[in-house]
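> structure for this input, please:
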Amino acid sequence: MELFKKAVGIMTKNNFITATPKSKVSDIALTMISGEVSGIPVVDKDKKVIGVVTEFDIIRAVKQGKDIKNITTEDIMSKNPITVNEDTPVSDITNILETKNIIRVLVVDKSGKLVGIVSRRDILKGVTEIEGAPQIWW
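Numbering: from 1, shown residues only. Down below sits the predicted model:
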């Protein structure tokens, strides 16, 4: 039960998609559509978080007249995204998502390496009994 009160207990650990700074935005857009995700972390060669590309970043680029087939994630990514660590309480994450009006936070280790993602959906899963998981009570 205590585990589900922290990021480590509810985060998506292995089943997430990442991009590199040189990923083509058109490929990212197709990945978002097919993977039903609204944002993708951008990591460097050491898997350290350097940004995130969201649906809004792509829409903003199109609105500015950019051709998504000719730009890369580093051209449009939001730099220095909000991150948390594995021990961050779910209540703190909920506050971040609400006050910043964002869908996800990236979970990093002490070196800044991406180890997981906590989305609003992960929190919803945590507060309901899915597959016998205990509910989060904070």
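
> can you classify the residue in the chain sticking out farthest from the centre by secondary structure?
Most distant from the centre of the chain: Gly65, at 26.0 Å, with distances by Cα atoms, centre = their mean. With DSSP: H, G, I helix; E, B strand; the rest coil as the basis, Gly65 sits in coil.

> what's the answer for Ile40, then?
strand.

> poorly predicted segments of the chain, please.
By pLDDT under 70, the low-scoring segments of the chain are 1-4, 129-138.

> what about 90?
1-5, 9-10, 12, 14-16, 35-37, 80, 121-138 (pLDDT under 90).

> what ranges does it have for its helices?
7-10, 25-35, 55-63, 73-76, 90-100, 120-127 (DSSP state H).

> and those as CSV, adding distance to Leu106 and mean neighbour count?
For the C-beta atoms, the positions are set from N, CA and C on the backbone; glycine is no exception. Below are these laid out as CSV (distance: least, Cβ to Cβ, whole Å; neighbours: other Cβ atoms under 10 Å):
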stretch, distance to Leu106, mean neighbour count
helix 7-10, 10, 20
helix 25-35, 16, 16
helix 55-63, 15, 15
helix 73-76, 15, 20
helix 90-100, 11, 15
helix 120-127, 12, 16
